[in-house]
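Fold the stuff below for me.
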Amino acid sequence: MQGCCPRNCWSSYKIGKEVTEKLESVSGLIGKGHHFDVVVAEMLPRPLLDQQPMEETVGSEMMYDRICRLLEDPQVGIMGLYGMGVGKTTLLKKINNDFLTTSSRDFDVVIWVVVSKPFNIEKIQQVIWNKLEIPRDIWESRSSKEEKGAEIMRVLKTKRFALLLDDIWERLDLVDVGVPFPLSDAQNKSKIIFTTRLQDVCHQMKAHKSVEVTCLPSEAAWTLFRKEVGEDTLNSHPHISWLAKVVVEECKGLPLALVTLGRAMAGEKDPSNWDKVIQNREINCEEVIDLWIGEGFLGEVHDMHEAHNQGHKIIKRLKDACLLESGGLKERRVMMHDVIHDMALWLYGDCGKEKNKILAYRDISRLKQAQEIPKLKETEKMSLWDENVEKLPKILVCPNLKTLFVCGCNKLKGFSTGFFQFMPSIRVLDLSTNGNLIELPIDQIGNLVALRYLNLSCTRIRELPIELSNLKNLMTLLLDGMESLKIIPRELISSLISLKLFSICGTNVLSGVEETLLRELESLNGISEIRITICTALSFNKLKSSHKLQRCISYLILFNCGDLVSFELSSSILKRMEHLGFLIIDSCNELNDIKIKVEQEGTQSDVTLQNSIVARENHHFHTLRCVVIHDCSKLLNLTWLVYAPYLEQLYVLDCESIEQVICNGVEESLDIFSRLKYLLLNGLPRLKSIYQHPLLFPSLELIKVYDCKSLKSLPFDSHTSKSNLKKIKGEESWWNQLKWNDEAIKHSFAPYFQMHNSPSIFRRFRGAQN
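Reported below is the predicted structural model:
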């Protein structure tokens, strides 16, 4: 029996008896409980506020103090904190945990709600109900969100409350939620504080005060990053400390970026992985889309203009989702936040499982190290940039490589014979901005038959090799800024049967080559977009005679056309130039007249200084967005711009004879320059008038005026819009001598003026849009 019965039978018996008695007692109590009609249970009172978990803040003390001072203002009932990745949530937590806990605030209740996207009103109401301790039976009897909102409204109107809403992406209707709007003159002094990435949301929420949460100063940023990375990692390799400082600089003081990257790089002791996070990611939108097309991201492309329209829509969606940000050149450039960039790399590498699919080297000497060879065999996309490198390895074995960037290597003069030999699948090749690159490997470049995109811009290559004619899949060829390029072999361009985009802006090929180039472009069946510099009247006349070329032109530069006396286009030509977005006329010193011949019902009207403008209901420059006129000493006016109603950017520089932008005699029309955002007038000593009548300028954001001593007035009056205006820049002496019809108008525009001296001629032209 041993092992089957308890060793102490008497003890077991006693325990069993006690259990039986207890069960009988419990059963009796349950029976008595059935006779109670009402059961009352008091809920424990909830605290005034719930402390939010947060780490120690670094470098945000000044911003926090400023916000606290604003919250003390009884006129501020609603405050919005906006900005991207700058520690808004951390500040809001600090307000919740520190500022609102002091007894002097005397709030009845403090409510914290995470809103996020898309917001759900019923979930927000549930959080507020939970905090307000509305009895459950009353709450559950309110079946709709409208009824629940009314119940919340009833309770909150009796309290002094603070509502903290984190991460709002779009307007949240407080009335729908049930939150009374805190008026600036209200007696109970309730507060609503919210965070959002977008300043527009602050306006939509009718914030009494909108505060941009700015970035950390450099010292605080470095302290925060060091804290996250750890000293062990920073001291693990002599390059890493320097690379870490570069990373911090590129994070631009954004706490989210510093913390996220710091934690991601903690324990990362390989310098090559630090290289990947320090690239400059600001890029022209057109360049982005050109690369997408080359990569095949936009599918099968038949028309470049349609593809670019599709690309711009995608960029807009990415910006709306805060995955891209506007860069330095207004809407024309974008940049990707470092955190988003690293997430994209992580996703492309199969959620971090294939780390070598994308490689970036800032120190190209590391390519010679043995541990890099296996990585090269795996990589699909690679970027090499090293301003000190003079020679690249003779051979790189990259059988899976599809995209190669070799850029910014300013001491690099050429490639070895076999450099591209083991890159059979390459589709995108960018060799731009190598300022001393003088030649391509002739025996190898023609073998890259899968190539779809080739960029040789801003190199010193003098002659294109005829072997490029073998690239039958090439869709995009970019030759911009190649000041040394003199020779393009005959029939090279016409051999590129898949070519759809050809760009040769700022490149001065020899006379005679230009005309041949235009004829070869015209012969290509698939060509749909051309960006080109023209240097002779003969070439300009060729353009005027070719309907096909006119339909393809998107970017036109007339440069140093010494034999071009008159620029004349008929309205029918303008209609065919339906994709012309950028027009630059530079150093055409004999050009004295720009004419638009308006063909209408059998008549023609010249738009010149002497003629009034007629019949502009059919605007002919539908797509022209940017015009630059530089160093055209005989031009008197730019009146033809009335036919560019969608113009957004106008830069006029060093034109000594111009007296008026739009001449007198033009009928008064309020839609002149109605889309203009940026206006630069520089080095125009005889300029007296922009336009004789006041203009609305509903889109104007920035005006820069330098060295225009005769310009005594601006076309402003009390109706001129200031809704988008940010700055008026110019010399103080010019501003002080301006004449105004009304002192009130002067005072209304005075806050926008910023004293700014004339930049140098190089910066003035090259950096006109900065």
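
Listing partners with orientation, what would you give for whichever strand or helix holds Val652?
Per DSSP states H and E: Val652 is located in strand 649-653. Sheet pairing of strand 649-653 (DSSP bridges) gives strand 626-630 (parallel), strand 678-682 (parallel).

For Ile585, find the nearest of the ones you listed.
Nearest to Ile585 among the strands paired with strand 649-653 is strand 626-630; the distance by Cβ to Cβ comes to 5.2 Å. Every C-beta, even on glycine, is put in place using the N, C-alpha and C of the backbone.

So for that closest one, mean pLDDT?
Taken as a whole, strand 626-630 carries a mean pLDDT of 96.

distance between it and the chain's centre?
Put simply, strand 626-630 sits 24 Å off its chain's centre (Cα atoms, centre = their mean, to the nearest Å).

and if you look at stretch 631-645?
The chain centroid and the centroid of stretch 631-645 are separated by 31 Å under Cα atoms, centre = their mean.

buried ones in it?
Residues 631-632, 635-645 are the ones in stretch 631-645 that count as buried (16 or more other Cβ atoms under 10 Å).

swap in stretch 742-761?
Of the residues in stretch 742-761, those buried under the neighbour-count criterion (16+ other Cβ under 10 Å) are 745-746, 749, 753, 758-759.

Now tabulate those in a markdown table and tack on pLDDT, secondary structure and distance to Pro271.
Output for these, formatted as a markdown table (pLDDT from 0 to 100; DSSP: H, G, I helix; E, B strand; the rest coil; distance: Cβ to Cβ, whole Å):
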| residue | pLDDT | secondary structure | distance to Pro271 |
| --- | --- | --- | --- |
| Ile745 | 94 | helix | 60 |
| Lys746 | 93 | helix | 58 |
| Phe749 | 94 | helix | 53 |
| Phe753 | 94 | strand | 49 |
| Ser758 | 71 | coil | 44 |
| Pro759 | 65 | coil | 38 |
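
For those residues, could you give me JSON lines that also reports distance to Lys355?
Formatted as JSON lines, these follow (distance: Cβ to Cβ, whole Å):
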{"residue": "Ile745", "distance to Lys355": "61"}
{"residue": "Lys746", "distance to Lys355": "61"}
{"residue": "Phe749", "distance to Lys355": "55"}
{"residue": "Phe753", "distance to Lys355": "53"}
{"residue": "Ser758", "distance to Lys355": "50"}
{"residue": "Pro759", "distance to Lys355": "45"}
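
Which single one of those residues is nearest to Val246?
Closest to Val246 out of the buried residues of stretch 742-761 is Pro759 (28.2 Å), distances taken as Cβ to Cβ.

pLDDT weak spots in the stretch 1-150 of the chain?
Along the stretch 1-150 of the chain, segments meeting pLDDT under 70 span 1-47, 85-86, 100-105.

Now tell me what touches the strand holding Val652 from outside.
With Cβ atoms under 8 Å, 6 or more residues apart in numbering as the test, strand 649-653 has contacts from 330, 625-631, 638, 641, 658, 661, 673, 676-684, 764-765, 768-769.

can you check stretch 625-632 too?
581-589, 591, 635, 638, 641, 644, 646-655, 765, 768.

How about stretch 692-703?
For stretch 692-703, contacts defined as Cβ under 8 Å, 6+ apart pick out 648, 662, 664, 666, 668, 670, 672-681, 714-717, 719-721, 723-730.

mind running it again at 6 Å?
664, 668, 670, 673-679, 715, 717, 720-721, 724-728 (Cβ atoms under 6 Å, 6 or more residues apart in numbering).

just stretch 216-232 next, same as before
Stretch 216-232 has contacts (Cβ under 6 Å, 6+ apart) with 58-59, 248, 253, 258-259, 262-263, 265-266.

if you set the cut-off to 8 Å instead, what comes out?
So stretch 216-232 is contacted by 58-60, 87, 215, 234, 244-245, 247-249, 251, 253-255, 258-259, 261-263, 265-267 (Cβ under 8 Å, 6+ apart).

now it: mean pLDDT?
Averaging pLDDT along stretch 216-232 yields 89.

Flag every buried residue along that stretch.
Applying 16+ other Cβ under 10 Å to stretch 216-232 flags 216, 220-222, 224-226, 228-229 as buried.

again, but for stretch 146-162
Within stretch 146-162, the residues scored as buried using 16+ other Cβ under 10 Å are 148-149, 151-152, 155-156, 160-162.

Show the pLDDT at Gln421.
With respect to pLDDT, Gln421 scores 93.

show me what contacts Gln52?
93, 96-97, 112.

could I get the strands paired with strand 649-653 as a markdown table with distance to Leu518 and mean neighbour count?
Converted to a markdown table, these look like this (distance: least, Cβ to Cβ, whole Å; neighbours: other Cβ atoms under 10 Å):
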| stretch | distance to Leu518 | mean neighbour count |
| --- | --- | --- |
| strand 626-630 | 22 | 21 |
| strand 678-682 | 31 | 21 |
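
mind checking which of the ones you listed is nearest Asp303?
strand 626-630 (21.9 Å).

about what we covered before: quick check: the farthest pair among the contacts of Gln52?
Greatest spatial distance in those: Asn97 and Trp112, 10.1 Å, computed using Cβ to Cβ.

ok, the two, which is more surrounded?
Higher neighbour count among Asn97 and Trp112: Trp112, with 19 against 15, using other Cβ atoms under 10 Å.

a strand runs through the more buried one, doesn't it?
Yes. Looking at Trp112 with DSSP: H, G, I helix; E, B strand; the rest coil, it is inside a strand.

could you measure the residue nearest to it when sequence neighbours are not counted against Ala220, distance?
Spatially, and ignoring its direct neighbours in sequence, Trp112 is nearest to Leu164 (4.9 Å; Cβ to Cβ, 6 or more residues apart in numbering). Separation of Leu164 from Ala220 (Cβ to Cβ, to the nearest Å): 24 Å.

one step back: only the buried subset of the contacts of stretch 625-632, as a ChimeraX command please.
Buried members of the contacts of stretch 625-632, defined by 16+ other Cβ under 10 Å, are picked up in ChimeraX with:
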select :581,582,583,584,585,586,587,588,591,635,638,641,644,647,648,649,650,651,652,653,654,655,765,768
